[in-house]
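Build the 3D model from these lines:
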Amino acid sequence: MVAEVEILYKHAAATTGEGPHWEENSGKLLFVDIHKHTVNRFHVETKVNEQIELAADASLIVPSRDGGYIVSSQRKLCHLDWDTKEVKDLFEVPEVGQKDRFNDGKCDHQGRLWAGTMGFETAPAVPELGAGRLFMMEKGNLSVADDTPFDISNGLAWSADDTVMYFVDSIPRHVYAYDFDPSNGAIANRRVAIDFSKWSLEETGYPDGMCIDQEGKLWIAGFASSKVMQFDPVTGQKLSEVKLPAKQVTSCCFGGKDYADMFVTSSAAGYSPEEMAKVDPLNGSIFRVTGLGSKGLPADSYCP
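I've put the predicted structure just below:
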């Protein structure tokens, strides 16, 4: 079976499109436009996009089981009531000595929110390094899950048996695996599961957002590679890849009927309008990939 790529939403993001999350009950794709400060709900069939602007950089949006959404606004995690547009601050990350902001975030199967931080960009895609940490939010508490100075905290995923958590740090080009205890969310024994430095930057780019399929294989967006790639996290080997018509792919998620479709976000950050037109005119768009031969699982929501 040959995968097919469709331009689902051209120029969906003016800056960096990220954080795709399939909302099955509404048929909508959630995503953010980070530096435009917006969170979005895009109806895949009608092509209607709803948008709310937050106070600062928005890097994640996930549904909350009590209604509304958990969103990030630079250094804060907040609850958003979509109907009223009311934003309630929940937590702000503690200072680590450098300017930082939240980046990617997802929920585990128990409904805890995991979200990493990164240094604030001094230029597009050029953050201060070593300012990131990995946080976990559950039932009224925000804690540091890993105090390692990460460069660009990124994609998250969990194995089907709930014993392994995967986490990306983009600059060293590492996908880490942790032993994961689903009963309390404890993580331990961090190790490199996939080392992107085995391949050239041209071949795989920087690991960015990711998702996991029903067979336990990781699908990872390679920023600056124009690819989404499938890896075996046990052996660290690349299994397959899909080429997209945009260089700066940022993240991916499964959705649609039977979770057989893949939605891929991309970034237009760092390009002038003239460069966009000449070099990568589809950066910032959202793509739908069909015919992968792999299916995903429903994304988890936050349990307050």
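
so what's residue 91 closest to, chain neighbours aside?
For residue 91, ignoring the flanking residues on the chain, the nearest one in space by CB to CB, 6 or more residues apart in numbering is residue 142 at 4.0 Å. Placement of C-beta: from N, CA and C, glycine included.

can you count the residues close to that neighbour?
Residue 142 has 17 neighbours, counted by other CB atoms under 10 Å.

For residue 188, which three-state class applies?
At residue 188 the chain is in strand, as set by DSSP: H, G, I helix; E, B strand; the rest coil.

how near is it to residue 61?
Distance, residue 188 to residue 61, using CB to CB, to the nearest Å: 29 Å.

And the two? Which one has more around it.
For the pair residue 188 and residue 61, the greater number of neighbours falls to residue 61 (26 against 9), based on other CB under 10 Å.

from what I can see that one touches residue 29, true?
No. Counting by CB atoms under 8 Å, residue 61 does not reach residue 29; the two are 10.5 Å apart.

rewinding a little: could you dump whatever helix or strand the residue nearest to residue 91 lives in to CSV, C-alpha only?
Assigned by DSSP states H and E, residue 142 belongs to strand 141-150. Output in CSV follows, covering the C-alpha atoms of strand 141-150 (Å, rounded to 0.1, in the frame of the first residue of the first chain):
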residue,chain,number,x,y,z
ASN,A,141,-0.5,19.6,41.4
LEU,A,142,2.4,20.5,39.0
SER,A,143,5.7,18.7,39.6
VAL,A,144,9.1,18.4,37.9
ALA,A,145,9.2,14.9,36.4
ASP,A,146,12.8,15.2,35.1
ASP,A,147,15.1,18.0,36.2
THR,A,148,17.6,17.4,33.3
PRO,A,149,18.4,20.6,31.4
PHE,A,150,16.8,19.7,28.1
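
Can you list the helices and strands that it packs against?
Secondary-structure packing of strand 141-150 (3 or more CB pairs under 8 Å, 6 or more residues apart in numbering; DSSP states H and E): strand 113-119, strand 132-138, strand 186-195.

Let's have those in TSV, adding mean pLDDT and distance to residue 154.
Below are these laid out as TSV (pLDDT from 0 to 100; distance: least, CB to CB, whole Å):
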stretch	mean pLDDT	distance to residue 154
strand 113-119	96	7
strand 132-138	96	9
strand 186-195	98	12
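
Output the ones you listed in a markdown table, with distance to residue 20 appended to each entry.
Shown next, in a markdown table, are the helices and strands packed on strand 141-150 (distance: least, CB to CB, whole Å):
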| stretch | distance to residue 20 |
| --- | --- |
| strand 113-119 | 15 |
| strand 132-138 | 20 |
| strand 186-195 | 20 |
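
To residue 207, which of those strands lies closest?
Closest approach to residue 207 among those (CB to CB): strand 186-195, 7.3 Å.

so after the closest one, what's the next helix or strand?
According to DSSP H and E, the helix or strand after strand 186-195 is helix 201-204.

Give me the contact list for the strand or helix carrying residue 32.
Using DSSP H and E, residue 32 sits within strand 28-33. When contacts are defined by CB atoms under 8 Å, 6 or more residues apart in numbering, strand 28-33 is touched by residues 12-23, 38-44, 58-63, 69, 71, 255, 263, 265, 286.

next one: stretch 237-245
By CB under 8 Å, 6+ apart, the surrounding residues in contact with stretch 237-245 are 3, 5, 7, 199, 204, 217, 226-232, 262, 264, 266, 282, 287, 289, 292.

if we go to 7 Å?
Here stretch 237-245 makes contact (CB atoms under 7 Å, 6 or more residues apart in numbering) with 3, 5, 217, 226-232, 264, 282, 287, 289.
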